[in-house]
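> just the structure for this:
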Amino acid sequence: MRFQSGFLFLCLLVSSGLAAERVIDAEMHHLRGGGDTREWLEMPAEPEGDSLTVSFEADEPNAGTATLWLRQRNVQWRWILALNEKQLGTLREDEQGARLAWPIPPNTLKSGVNTITITHKSGQRPDDIWVGDLRIDSRLPYQVLGEREVAIVVKEAGKPEADLPCRITVSDAQGDLVMTGNGTTKTTAVRPGVVYTLDGRVVVGLPSLGTNELTVTASRGFEYGIDQKKLGPGDWPDTLAFELERQVRFPGRAIDPHIHTVTHSRHGSCRLHERIITMRGEGLHVGASTEHNLNIDWADMAAQLGVKQGREFSTVVGNEYTTRTGHFNLLGVDPEAKPPGYIGNSWAGVIAGCKSSGAAVVILNHARDVQTGYRPFDPKNHDAERGQRLDGGSYDFLHGMEVVNSGATQTDPFELTRDWLAMRKVGWNIGAIGSSDSHDVSRYIVGQARTYMKDAPDADRNERSPAFDLDRFATELASGQTHLSYGLLVELEWRDGKPKVTVHRPDWIEHEKTTLYRNGEAFDPKENDGEIKPGDWLVAVAEGPGVTAPHWPFARPYKPDGPSFKPRAIGISNIVRVRAE
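Numbers count the residues shown, from 1 in each chain. Got it, this is the predicted structure:
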């Protein structure tokens, strides 16, 4: 396509130094890179093309750095953005919609016809994206992004004196993230449209965006409500005060047992100090360092940031044992010890490596994902109906398996739930784990899927040990006494001769239904599926619509099995064993 505009308009704006935003192309365009296969069914069957070229005219080169705005949605893989054949950068690899800004170096614009191109990097998987709303502003990016500054303060309801780590999300009327003028600091972790703050205080630079309305949302993960403020054109207060209500009060701790940093794992984007900030901002009580084949202790960084190890927050030394026969989280390893080595590609070698690590807890990760050509639960390796390995190998070295990994979701959100139930049914003492596998600040949210361990019955809430008891966690996990939470948290009790289910959730997540399982099979007492007998074991699985709101969106599968996906919030309860009495 081609866009023509008068020379005088751009020339006057540049020379006068005004807030010079020029619309180059207001439309959004559907592109498909990497082949003809439609990535998702909700996308149009036919794209406009596999690249975008937009031409426009300018009177003279830009003497100083200018700013290019664009809007993108559903970008999974790498797309290259160029102006007059000079690469400005790549689109942000994130399915969430965002309005982003790139600097245009001096003299990149030229007199006459200029061309913006967006092309898919060759050799990558199919990617259906929306991109467009192209605008050029003659000002520097920091002037555009920080046009207005707003001081934000976030407190917990009923606790006005206490600091509250949290997340601030800035979005527009279309629900897309809007880039701010902030950068990461010692107490903040920043990505486009997202600011995590360690103390609930931050000054945010906001673009005016003309007549567009902005929504600023304060949140703190699953256990808290949200608070929102809308800013209309010209509505720019000096300060914004937010109050978050603690809506989920569960007598236990939330652990994310699968977390990374780019500092040590060498991929993703979240640096170590940003990881501490994001864990606090999402309300996690326990975060496990699971860098690839490294025993790393995050406690020193937490101390440098003034974050004390205690009841409200602690770190665990772990290791994602990354082999050619699967990935395993080893929790409770010695940071001074040598991590287990790569032991061939045999299951027996993996077991030996896990046992030699000295870990208190061993977890099988994303068993249905292919890593280095191997998938633990591939039909060639695992009988899903019988819950057994086909080579006769054992699972008895495991304490748990990831049933929901919010950073590696499955096309069928309940496939791993069925796998886990089949394994419990045949006697494997393996718990259901929720974890994030987050390598990022905001694309895959740390602690979005998490695992709860209830406090010991005799624990004194005011004087309990600040250390997270990994040995107890290992026991509770293997015996089915932990709780998996991915937007919902479920408690199951046996009371007055029948099961009682309680579903915890904040008011911004919906709960649609709960299914009770008896001995691994769906069971409805109202339908006379048979009475519950002594010796039976029960578990409840709750579900509801997945979250799409900008402050906590559920990610799509990055390795989908097909073009259809329906995100679901999931909660899996503790297991209740029915006794004769």
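> counting neighbours, what do you get for the residue nearest to residue 570 when sequence neighbours are not counted?
Residue nearest to residue 570 in three dimensions, not counting chain neighbours: residue 486, with 4.5 Å by Cβ to Cβ, 6 or more residues apart in numbering. Heads up, the C-betas are built off the backbone N, CA and C, glycines and all. Residues near residue 486, counting by other Cβ atoms under 10 Å, number 30.
> now name the helix or strand holding residue 486.
strand 482-486 (DSSP states H and E).
> OK, contacts around the residue nearest to residue 570?
By Cβ atoms under 8 Å, 6 or more residues apart in numbering, the residues touching residue 486 are 404, 406, 434, 448, 449, 450, 569, 570, 571.
> tally of neighbours for the fourth one?
Yep, that's residue 448 we're talking about. Residue 448 has 28 nearby residues by other Cβ under 10 Å.
> helix/strand/coil for it?
Secondary structure for residue 448, judged by DSSP: H, G, I helix; E, B strand; the rest coil, is coil.
> do I have it right that residue 269 meets residue 260?
No. With contact defined as Cβ atoms under 8 Å, residue 269 does not reach residue 260; the gap is 10.2 Å.
> find residues that contact each of these two.
Common neighbours of residue 269 and residue 260 (Cβ under 8 Å, 6+ apart) are residue 439.
> in terms of neighbours, single out the busier of these two.
Ranked by neighbour count (other Cβ under 10 Å), residue 269 and residue 260 place residue 260 first, with 26 against 14.
> the nearest residue to the more buried one once chain neighbours are set aside and residue 381, how far apart?
Once flanking residues are discounted, residue 260 sits nearest to residue 439: 4.5 Å by Cβ to Cβ, 6+ apart. Distance of residue 439 to residue 381, computed by Cβ to Cβ, to the nearest Å: 26 Å.
> neighbour count winner among those two?
Ranked by neighbour count (other Cβ under 10 Å), residue 439 and residue 381 place residue 439 first, with 20 against 17.
> surely that one touches residue 408?
No. With contact defined as Cβ under 8 Å, residue 439 and residue 408 do not form a contacting pair (10.7 Å).
> and the strands in the stretch 251-400 of the chain?
With strands called from DSSP state E, counting those that start in this stretch, the stretch 251-400 of the chain shows them at 252-259, 286-289, 314-323, 326-331, 361-364, 382-383, 388-389, 400-405.
> right, and those strands - which one's nearest residue 144?
Each of the strands of the stretch 251-400 of the chain has some distance to residue 144 by Cβ to Cβ; the shortest is strand 252-259, at 33.9 Å.
> between the closest one and strand 326-331, how big is the angle?
Interaxial angle of strand 252-259 relative to strand 326-331 (axes from the mean of the first three to the mean of the last three Cα atoms, to 10 degrees): 140 degrees.
> CA atoms only for the host helix or strand of residue 155, dumped as CSV, please.
Using DSSP H and E, residue 155 maps to strand 148-156. What follows is strand 148-156, C-alpha atoms only, in CSV (Å, rounded to 0.1, in the frame of the first residue of the first chain):
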residue,chain,number,x,y,z
ARG,A,148,3.1,14.1,31.5
GLU,A,149,4.4,12.8,34.8
VAL,A,150,2.0,11.4,37.4
ALA,A,151,3.1,10.3,40.9
ILE,A,152,1.5,7.0,41.9
VAL,A,153,1.0,5.7,45.4
VAL,A,154,-0.5,2.2,46.1
LYS,A,155,-1.5,1.0,49.5
GLU,A,156,-3.3,-2.1,50.9
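> name the next helix or strand following it along the chain.
Taking DSSP H and E, what comes next after strand 148-156 is strand 166-172.
> name the helices or strands packed onto the next helix or strand after that next one?
Later in the chain than strand 166-172, the nearest helix or strand by DSSP H and E is strand 177-178. The contact analysis (3 or more Cβ pairs under 8 Å, 6 or more residues apart in numbering; DSSP states H and E) places strand 177-178 against strand 98-104, strand 166-172.
> I'd like the average pLDDT over the first one.
Predicted confidence along strand 98-104 averages 97 (mean pLDDT).
> mind putting the helices and strands packed on strand 177-178 in TSV, distance to residue 340 and mean neighbour count included?
Converted to TSV, the helices and strands packed on strand 177-178 look like this (distance: least, Cβ to Cβ, whole Å; neighbours: other Cβ atoms under 10 Å):
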stretch	distance to residue 340	mean neighbour count
strand 98-104	40	21
strand 166-172	36	25
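> now render these as CSV, adding distance to residue 128.
Formatted as CSV, those follow (distance: least, Cβ to Cβ, whole Å):
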stretch, distance to residue 128
strand 98-104, 16
strand 166-172, 22
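> tell me, how many neighbours does the nearest residue to residue 171 once chain neighbours are set aside end up with?
Using Cβ to Cβ, 6+ apart and skipping the chain neighbours, the partner closest in space to residue 171 is residue 550 (4.3 Å). Counted with other Cβ under 10 Å, the neighbours of residue 550 add up to 23.
> one more: residue 160?
Neighbours of residue 160 (other Cβ under 10 Å): 8.
> and if you look at residue 498?
Other residues close to residue 498 by other Cβ under 10 Å number 9.
> that one contacts residue 525, doesn't it?
Yes. Using Cβ under 8 Å, residue 498 makes contact with residue 525 at a distance of 7.2 Å.
> find residues that contact each of the two.
The contact sets of residue 498 and residue 525 overlap at residue 532 (Cβ under 8 Å, 6+ apart).
> which residues touch residue 165?
Per Cβ under 8 Å, 6+ apart, neighbours of residue 165: 196, 197, 198, 199, 200, 220, 277, 280, 281, 283.
> for the residue lying closest to it once chain neighbours are set aside, grab the count of nearby residues.
Nearest residue to residue 165, sequence neighbours excluded (Cβ to Cβ, 6+ apart): residue 280, at 3.7 Å. Here the number of neighbours of residue 280 (other Cβ under 10 Å) works out to 28.
> can you report phi and psi for the closest residue to residue 336 other than its chain neighbours?
Excluding its sequence neighbours, the residue lying closest to residue 336 (Cβ to Cβ, 6+ apart) is residue 295, at 7.7 Å. Note on residue 295: backbone dihedrals following degrees, to the nearest 10 are phi -100, psi 100.
> wait, residue 483 touches residue 502, no?
No. Residue 483 lies out of contact with residue 502 (Cβ under 8 Å); the separation is 10.7 Å.
> ok, these two, which is more surrounded?
residue 483 (27 against 14).
> tell me what the more buried one is bridged to.
Assessed by DSSP bridges, residue 483 has beta-bridge partners residue 452.
> so in terms of bridging, what pairs with residue 572?
On the basis of DSSP bridges, residue 572 is bridged to residue 484, residue 541.
> do residue 405 as well
residue 435.
> pLDDT wise, what is it at?
We have a pLDDT of 98 for residue 405.
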